[in-house]
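**Student:** Curious how this folds, go ahead:
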Amino acid sequence: MFGGVFGGSSQKPAQPAPGGMPGMGMGQPQMDPNAQLAAAEQEMEMVTDMFARLGELCYNKCIIQRYSDEELTKAESVCADRCVAKYFQVNREVSDKLAKYSQANQQ
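**Tutor:** Model (predicted):
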C-alpha cells in the first residue's frame, strides 16, 4: 500500500484482475478509491500510534531522568535496543495469533 514511501518498488502497480484487486481473488469487487484512501489513512494512524507508544514505553523504562550526560549511557542504549526488539517481537506474535484465529473462524 505504501510501496513508494516504505521502500517498495517504484514501478507501476499491476492492473487489477477483472472483477477484483491483485492478490484478492476473482469475483471480489474492486475497492472504491475513497475507501482505499480511508484505509491508508487508518493504517498510517495506527503506525504513528504504535511508534508513539513504543517511544514513550521504552523512554520511560530505559532513560535515566537525571540527564548527567548528553549521550545515552551504554546501559540506556542496550535497554532501549532490547525494549524495541521485544515490543516488535510481541507485536508480531500477537498479529500472527490473531491472523490464525481469524482464518480458523472464516473456515
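**Student:** In three-state terms, label the residue of the chain most remote from its centre for me.
**Tutor:** Largest separation from the mean C-alpha position in the chain: S68, at 34.4 Å (CA atoms, centre = their mean). On the three-state scheme (DSSP: H, G, I helix; E, B strand; the rest coil), S68 is labelled coil.
**Student:** just the one 4 residues further on next, same as before
**Tutor:** Secondary structure of L72, reduced to three states by three-state DSSP: coil.
**Student:** That one reaches I63, doesn't it?
**Tutor:** Yes. Counting by CB atoms under 8 Å, L72 does reach I63; the two are 7.4 Å apart. C-beta coordinates here come from the backbone N, C-alpha and C atoms, glycine included.
**Student:** V94 versus K100, what's the distance?
**Tutor:** Distance of K100 to V94, given as CB to CB, to the nearest Å: 11 Å.
**Student:** give me the number of residues near C62?
**Tutor:** 19 (other CB atoms under 10 Å).
**Student:** what touches both of L72 and I63?
**Tutor:** A80 (CB atoms under 8 Å, 6 or more residues apart in numbering).
**Student:** Need phi/psi at the residue nearest the centre of the chain.
**Tutor:** Most central in the chain under CA atoms, centre = their mean is V47, positioned 5.1 Å from the mean C-alpha point. Backbone dihedrals for V47, given as degrees, to the nearest 10, come out at phi -70, psi -40.
**Student:** Now do it against Q103, distance only.
**Tutor:** According to CB to CB, V47 and Q103 sit 23 Å apart.
**Student:** likewise S68?
**Tutor:** Between S68 and Q103 the computed distance is 51 Å (CB to CB).
**Student:** With D96 instead?
**Tutor:** For D96 relative to Q103 (CB to CB), the value is 11 Å.
**Student:** dump the residue contacts of T73.
**Tutor:** Each residue near T73 by CB under 8 Å, 6+ apart is listed here: I64.
**Student:** Could you tell me the model confidence score at it?
**Tutor:** T73 is assigned 91 on the pLDDT scale.
**Student:** do the same with G4
**Tutor:** On the pLDDT scale, G4 is placed at 36.
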